[in-house]
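1. next one to model:
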Amino acid sequence: MISKSTKESLSASLRILILALISILACSSRLFSVLRFESIIHEFDPWFNYRTTIQLVENGFYDFANWFDELSWYPLGRVVGGTVYPGIMVTAGLFHWIVNNLNFPVHIREVCVFLAPVFSAFTAIATYLLTKELKNSSAGLFAAAFIGIAPGYISRSVAGSYDNEGIAIFLLVFTFYLWIKALKVGSAFYGTLTALFYFYMVSAWGGYVFIINLIPLHAFCLILMGRFSTRLYISYSTFYVTGTLASMTIPFVGFQPLRTSEHMAAFGVFGLLQILAFCEMLRSHLSANEFKSLFQVFIVTVAVGGLAGIVGLTYAGLIAPFTGRFYSLWDTGYAKIHIPIIASVSEHQPTAWPSFFFDLQLLVAVFPAGLYFCFKELKDEHVFVLVYGLFASYFAGVMVRLMLTLTPIVCVAAAIAFTTLFDTYFADNSAIAVNEDEIPKEDAKETEPKTPAKKGKKEEKKAVKEKEEPYGLKISSLRLVLVVPFFVVLAMFAWHCTYVTSSAYSSPSVVLASTNRDGSMHIIDDFREAYFWLRQNTDEKAKIASWWDYGYQITGMSNRTTLVDNNTWNNTHIATVGKIMSCSEEVSYEVMQKLDVDYLLVIFGGLIGYSGDDINKFLWMIRIGEGVYPNDISERKFFNERGEYAVGATATKTMKDSLMYKMTYYRFAELFGGRGARDNVRGQEIPSTPIKLSTIEEAYTTENMIVRIYQVKKPDNIGRPLSVASSFGKKRKRKANRSQ
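-> Numbering: from 1, shown residues only. Presented below is the predicted three-dimensional model:
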């Protein structure tokens, strides 16, 4: 017979082993991109993070914090130290320092590539700890397994995805775990730990606003439910004061926690808790009638004074209103109408319903059941799950990117649901096995006359027995009938997660891949080909004009100056680039001369069917440009008489005259022998009429025609328009040919 202590130690060892295996699984499932392609930085923003990390590692934190980047936003430049969340750079630099001091010579690029998978293992552990506080260790293991392979989280944490979210989701979950721990214990120590990890979160990702609004909302709900306690007061007050002061040390944040609307809810709940604590103190020193009259006057005074103060400070400009991104969360059409630069980002679009099933699959169906079981118990920590689940579901519905914040709570709730079901249907019933030899004795005892005292004792024993008796299934075959479907469904979930991870979320946008007829993989490396050409064949001080999507990649891989990039901090400058792309050559040339542009770069996928090209983004360039230059650009002129956005024979004259159209389809028809050239993305026939360029000339086109680079011509020596100068030269050539 195994003792109880031995069972507990074996159980603890087994939990540690399972959690370690889950962490390894979470990390290894994110390595498909490295195995299939190579160790490379993905997407767009990670290239800037990688470049700034190199600056940090090579020159130290002081130079990094004071770094002025002359290669970005020409001619304005960018003060990098005060405009970034430095958490991910500092984390990668610290990892690099540790491994190199352990005599493992690892390049900083490898640290950046594998940082997100490593932190996904930490996220699995943090999710286990959070769910264990909410339910038990079994639920924690389920939640850790779910978060380890859920596509909703994997999408931003694969190897090479060196972005803020790679470490931020771990910090999000762990901060919430510490908050629940602080609330349950009522400890200033755990409240301080919550604040410190919140500070780490602030340094890493702008999504910290979700934390500083969700925790106050949880506290406010507890107050409304009449659950104000010393535990709540101590934990929240410690967290808010310490966390706010710490967050203000981040240069990019500064005094925002005291002066922006996004942080006012946290401040309001902090003030409310102080009022309630003061009222509780008064209650202990005054009679009931005195307290009631004083309380009414006090509450009215504080409410009116607080509301008037907030309104007055807002009108005075001391409290800033919500930013455009936050307005777009409440009004999904706001950004498209007022701030098209925000709406032009694909990850800011509302989430399509299939995306929930694609990223969460089985968990979507089980998620409501987990919320129901939390509502059934409704302890303080379960209120947090309900509030988190409700608001995260809404925000994930209005913005694709916020699926990241929904995934952890879905995994937690689903784990609670599965654990509750398993505990209910597969509980150990050995404790209620009845010895048949004892039945006659019990029957004999029941036939004896019973005094009232004996009856009372028997009923009490019966009640205790019913309370302690498990209510699982007693028939093993019936258990098997129920357990098999559960495991089949979970196996299908694991298969779906693996398939989505390998096929959809492990392909770097820098390198594309297609399948040959024989099934082999064909690598399309046009982006790096073009950026390498710029690095090797252009002057070090050359200025490259492109749409803002490619700014970070051009600067990171080509080491050349760009006009705009993915920071999108200056809408007017981006609109100016939109004007260059949308207007005719003559108008665009004047703007390019003012900005000292040497080369233009456009992306075209019409030949091989790459849909993420600039023609598909062209409408956003037009809209953003029209917002600043309405006299030069009109979106309506780019639609034909039938209201179609056409690039073929029915395209408008304004469309065909635009610099973007000319750069995209220049010499495209020659690939088809002069016959009708077909754009495989738009599915339209492109006219075979040759496109003439007067202010720019083709410099380089990649193998698959995805990236096209044009050089801007210098002004004519005698001041003629370049269109006239180029036509004059062609006339002289024709005359010379005739004379021969």
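2. helix, strand or coil for residue 105?
-> Of the three states, residue 105 takes coil under DSSP: H, G, I helix; E, B strand; the rest coil.
3. state the phi and psi torsions of it.
-> When read as degrees, to the nearest 10, the backbone of residue 105 gives phi -70, psi 90.
4. what's around it, how many residues?
-> Applying other C-beta atoms under 10 Å, we find 6 residues neighbouring residue 105. In this view, the C-beta of every residue, glycine as well, is placed from N, C-alpha and C.
5. change the start of the numbering to 23 and stick with it
-> From this message on, residue numbering opens at 23, which makes the last subject residue 127.
6. and it, how far from residue 622?
-> Here residue 127 is placed at a distance of 41 Å from residue 622 (C-beta to C-beta, to the nearest Å).
7. for residue 670, same thing?
-> Residue 670 sits 23 Å away from residue 622, going by C-beta to C-beta.
8. neighbour count for those two, which is higher?
-> The residue with more neighbours, out of residue 670 and residue 622, is residue 622; 23 against 17, by other C-beta under 10 Å.
9. quick one: secondary structure of the residue nearest to residue 568 when sequence neighbours are not counted?
-> Setting aside the residues directly before and after it, residue 568 is nearest to residue 623 in space (C-beta to C-beta, 6 or more residues apart in numbering), at 4.0 Å. On the three-state scheme (three-state DSSP), residue 623 is labelled strand.
10. residue 623 bridge partners, please.
-> With DSSP bridges applied, residue 623 shows beta-bridge pairing to residue 731.
11. count of residues packed around it?
-> For residue 623, the number of neighbouring residues by other C-beta under 10 Å comes to 24.
12. that one is in contact with residue 733, isn't it?
-> No - using C-beta atoms under 8 Å, residue 623 and residue 733 do not qualify as a contacting pair, with a distance of 10.7 Å.
13. can you find the helix or strand of the chain with the lowest average pLDDT?
-> helix 461-469 (a mean of 42; mean pLDDT, DSSP states H and E).
14. residue 91 touches residue 102, doesn't it?
-> Yes - in this structure residue 91 lies within contact range of residue 102 using C-beta under 8 Å: 5.0 Å.
15. I'd like the distance between the spatially closest residue to residue 218 that is not a sequence neighbour and residue 224.
-> Distances taken as C-beta to C-beta, 6+ apart put residue 268 closest to residue 218, at 7.0 Å, once the chain neighbours are dropped. For residue 268, the distance to residue 224 under the criterion C-beta to C-beta works out to 8 Å.
16. okay, these two: which has more neighbours?
-> Neighbours of residue 268 and residue 224, each counted by other C-beta under 10 Å, are more numerous for residue 224; the result is 28 against 19.
17. which ones are touching residue 103?
-> Residue 103 makes contact with 86-89, 273 under the criterion C-beta atoms under 8 Å, 6 or more residues apart in numbering.
18. in three-state terms, label residue 668 for me.
-> Applying three-state DSSP: residue 668 is coil.
19. let me redo that: residue 271
-> Assigned by three-state DSSP, the conformation of residue 271 is coil.
20. which residue packs closest to it, ignoring adjacent ones?
-> Excluding the flanking residues, the one nearest residue 271 by C-beta to C-beta, 6+ apart is residue 221, at 7.8 Å.
21. now residue 733
-> For residue 733, ignoring the flanking residues on the chain, the nearest one in space by C-beta to C-beta, 6+ apart is residue 721 at 4.3 Å.
22. now do residue 722
-> residue 731 (4.5 Å).
23. look up how far residue 724 lies from the one you found.
-> Residue 731 sits at a distance of 9 Å from residue 724 (criterion: C-beta to C-beta).
24. report the contact partners of the residue nearest to residue 722.
-> Counting by C-beta under 8 Å, 6+ apart, residue 731 has contacts 552, 555-556, 621-623, 720-723.
25. what are the boundaries of the strands in the stretch 423-572 of the chain?
-> Along the stretch 423-572 of the chain, the segments classed as strands by DSSP state E, counting those that start in this stretch run 534-537, 543-546, 565-567.
26. grab the nearest non-local neighbour of the spatially most central residue of the chain.
-> Taking C-alpha atoms, centre = their mean, the centroid of the chain lies closest to residue 423, which sits 4.6 Å from it. Computed as C-beta to C-beta, 6+ apart, the closest residue to residue 423 that is not its neighbour in sequence is residue 369, at 4.1 Å.
27. can you check residue 259 too?
-> Here the nearest residue to residue 259 in space, its sequence neighbours aside, is residue 295; by C-beta to C-beta, 6+ apart that works out to 6.3 Å.
28. give the rounded mean pLDDT of the helix or strand harbouring that neighbour.
-> When secondary structure is defined by DSSP states H and E, residue 295 falls within helix 286-305. Helix 286-305 shows a mean pLDDT of 87.
29. buried sites along it?
-> Neighbour-count burial for helix 286-305, with 16 or more other C-beta atoms under 10 Å as criterion, is recorded at 286-289, 291-292, 294-295, 299.
30. just stretch 359-378 next, same as before
-> Neighbour-count burial for stretch 359-378 flags 361-367, 370-371, 373, 377-378 (criterion: 16+ other C-beta under 10 Å).
31. let's see it as PDB, backbone CA atoms only.
-> Extracted as PDB, the C-alpha positions of stretch 359-378 are listed here (Å, rounded to 0.1, in the frame of the first residue of the first chain):
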ATOM      1  CA  ILE A 359     -13.400  57.600 -42.300                       C
ATOM      2  CA  HIS A 360     -11.100  59.800 -40.200                       C
ATOM      3  CA  ILE A 361      -7.700  58.000 -40.000                       C
ATOM      4  CA  PRO A 362      -7.200  55.800 -43.100                       C
ATOM      5  CA  ILE A 363      -3.600  55.100 -42.100                       C
ATOM      6  CA  ILE A 364      -4.900  53.000 -39.200                       C
ATOM      7  CA  ALA A 365      -7.500  51.200 -41.300                       C
ATOM      8  CA  SER A 366      -4.900  50.400 -44.000                       C
ATOM      9  CA  VAL A 367      -3.100  48.000 -41.700                       C
ATOM     10  CA  SER A 368      -4.500  44.500 -42.200                       C
ATOM     11  CA  GLU A 369      -4.200  43.500 -38.600                       C
ATOM     12  CA  HIS A 370      -6.400  46.400 -37.600                       C
ATOM     13  CA  GLN A 371      -9.300  45.100 -39.600                       C
ATOM     14  CA  PRO A 372     -12.400  43.500 -37.900                       C
ATOM     15  CA  THR A 373     -12.000  39.700 -37.400                       C
ATOM     16  CA  ALA A 374     -13.900  37.400 -39.800                       C
ATOM     17  CA  TRP A 375     -15.900  34.600 -38.000                       C
ATOM     18  CA  PRO A 376     -13.900  31.800 -39.600                       C
ATOM     19  CA  SER A 377     -10.700  33.300 -38.000                       C
ATOM     20  CA  PHE A 378     -12.000  32.300 -34.600                       C
END
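32. how far does it sit from its chain's centre?
-> Here stretch 359-378 shows a centroid-to-chain-centroid distance of 13 Å under the convention C-alpha atoms, centre = their mean, to the nearest Å.
33. one more: stretch 702-709?
-> From the chain centre to the centre of stretch 702-709 is a distance of 34 Å (C-alpha atoms, centre = their mean).
34. all good on my end, thank you.
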